[in-house]
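Novice: quick one, what's the 3D model for this:
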Amino acid sequence: MPPRARRRSGASSAGSSPFPHLGPLGEVVPVSTGVVRLEQESDGSVLLEVNGVPSSHLHPDPRHLVFEYMRWMLLAIDLHLDTSGDDAPQLAHLGGGGCSLPRAIAALRPRSRQIVVELDALLAEHVRTWFDLPRSPQLRIRVDDAAVALADWREDRFDVLVRDVFAGDRTPDSLVSRGAAEHADRVLREGGLYLANCAAAPGTGLLADEVATLSTVFEHVGVIAEPAHLSGKRRGNAVLLASAHPLPDGLDRALRSDAVSVRLARPEQVTALRRSGRVLEQ
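Specialist: Below is the predicted model:
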């Protein structure tokens with residue numbers, strides 16, 4: 001399920017839109033896989049809805065992320081890249097939408113090189129224009145199926161791989177399977193970091209299944225989630241992290257600065273999820 005668009009308190013405002021080529025507001029715009037709609041808020045930010053569902057929220061300050069799970073991803077990516085010491089990292093994003101997270105990374109790390117895989121060709125064309133996204137080689141958009149692109153990439157290519165793909169309210173089976181996890185491990189460089197947006201409804205067991213599946217491939221698996229979501233009491237977005245190396249040090253401490261009450265799951269919580277989940281073979 002795409003995220004709730006809760007804002008962080010104290011967000012900065014903008015007197016005028018930084019998006020001079022923004023498309024029509026409040027109107028339905030046809031794209032390759034359906035329709036999109038743009039809504040602009042009083043702070044100058046723009047909400048992009050895809051087929052009636054919030055997909056991306058772009059703020060005048062590209063470093064400010066409105067969707068909380070993207071903030072959590074950005075914290076993890078920053079800590080990971082600070083540790084790696086690579087000032088020109090290679091990142092890949094499965095799932096594009098409005099490219100909020102790649103836009104933030106490009107602003108924070110101008111020397112980074114990113115590729116975004118987006119299935120919808122017209123949407124990819126629109127968002128590059130509407131949101132004045134960085135150009136190649138800083139930010140490339142590849143129009144393709146995410147599972148196909150993942151299988152196609154050569155090994156040891158990326159420092160960070162992000163999965164944020166939805167068909168309706170769920171991630172396609174082809175991207176939550178053990179095969180997808182194996183491809184993710186293959187395309188990451190030694191010690192690279194894999195992050196995945198997991199939206200699981202209470203009682204589905206999807207979060208546990210994803211943890212169990214990733215744990216068959218990666219030595220280190222973590223979960224960022226709000227307590228109520230982690231305990232299975234309500235639906236929400238969790239960020240899964242996986243790597244051959246230990247996860248970024250200080251991540252839980254950094255998460256405590258977020259307006260949302262969110263934590264990095266304790267090792268015993270991750271172990272409990274792994275044991276209760278089933279490996280998704282597709």
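
Novice: before we move on, which element is the closest residue to residue 174 other than its chain neighbours in?
Specialist: What sits nearest to residue 174 in space, not counting adjacent residues and going by CB to CB, 6 or more residues apart in numbering, is residue 147, at 4.0 Å. Every C-beta, even on glycine, is put in place using the N, C-alpha and C of the backbone. Element membership for residue 147 (DSSP states H and E) is helix 146-152.

Novice: alpha carbons only: can I get that helix in PDB?
Specialist: Written as PDB, here are the backbone C-alpha positions of helix 146-152 (Å, rounded to 0.1, in the frame of the first residue of the first chain):
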ATOM      1  CA  ALA A 146      11.300  -3.700 -12.200                       C
ATOM      2  CA  ALA A 147      11.700  -7.400 -12.000                       C
ATOM      3  CA  VAL A 148      13.100  -7.600 -15.500                       C
ATOM      4  CA  ALA A 149      15.600  -4.800 -14.900                       C
ATOM      5  CA  LEU A 150      16.700  -6.400 -11.600                       C
ATOM      6  CA  ALA A 151      17.400  -9.700 -13.400                       C
ATOM      7  CA  ASP A 152      19.100  -7.900 -16.300                       C
END
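
Novice: give me the contact list for it.
Specialist: 94-95, 117, 119, 142, 144, 163, 165, 172, 174-175, 180, 183-184, 187 (CB atoms under 8 Å, 6 or more residues apart in numbering).

Novice: lowest average confidence, helix or strand, in this protein?
Specialist: Taking mean pLDDT, DSSP states H and E as the measure, the helix or strand of the chain with the lowest value is helix 227-230, at a mean of 83.

Novice: check which element follows that helix along the chain.
Specialist: Defined by DSSP H and E, the subsequent element after helix 227-230 is strand 236-243.

Novice: can you tell me how far residue 124 is from residue 29?
Specialist: Relative to residue 29, residue 124 is positioned 13 Å away (CB to CB, to the nearest Å).

Novice: these two: which is more packed in?
Specialist: residue 124 (21 against 14; other CB atoms under 10 Å).

Novice: work out for me the element the more buried one sits within.
Specialist: helix 121-130.

Novice: list the buried residues for the helix holding residue 147?
Specialist: Within helix 146-152, the residues that qualify as buried by neighbour count (16 or more other CB atoms under 10 Å) are 146, 147, 149, 150.

Novice: the next helix or strand along the chain from that helix to strand 236-243, inter-axis angle?
Specialist: Following helix 146-152 in sequence order, the next helix or strand is strand 158-163 (DSSP H and E). Counting by axes from the mean of the first three to the mean of the last three CA atoms, to 10 degrees, strand 158-163 lies at 150 degrees to strand 236-243.

Novice: which ones are touching the closest residue to residue 223 other than its chain neighbours?
Specialist: In space, and not counting its chain neighbours, residue 223 is closest to residue 265: 4.1 Å by CB to CB, 6+ apart. Residue 265 sits next to 222, 223, 224, 225, 230, 273 when contact means CB under 8 Å, 6+ apart.

Novice: how close does residue 265 sit to residue 182?
Specialist: For residue 265, the distance to residue 182 - CB to CB - is 23 Å.

Novice: dump the helix holding residue 124 to PDB, keeping only the CA atoms.
Specialist: Extracted C-alpha coordinates of helix 121-130, given in PDB (Å, rounded to 0.1, in the frame of the first residue of the first chain):
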ATOM      1  CA  ALA A 121       6.700   5.600 -19.900                       C
ATOM      2  CA  LEU A 122       4.400   8.600 -19.900                       C
ATOM      3  CA  LEU A 123       4.600   9.100 -16.200                       C
ATOM      4  CA  ALA A 124       8.400   9.000 -16.400                       C
ATOM      5  CA  GLU A 125       8.400  11.700 -19.100                       C
ATOM      6  CA  HIS A 126       5.900  13.900 -17.100                       C
ATOM      7  CA  VAL A 127       7.700  13.800 -13.800                       C
ATOM      8  CA  ARG A 128      11.100  14.600 -15.200                       C
ATOM      9  CA  THR A 129       9.500  17.800 -16.700                       C
ATOM     10  CA  TRP A 130       7.100  18.700 -13.900                       C
END
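
Novice: give me every residue that touches the nearest residue to residue 118 once chain neighbours are set aside.
Specialist: Spatially, and ignoring its direct neighbours in sequence, residue 118 is nearest to residue 96 (3.2 Å; CB to CB, 6+ apart). Contacts for residue 96 (CB under 8 Å, 6+ apart) come out as 102, 116, 117, 118, 120, 123, 124, 127, 141.
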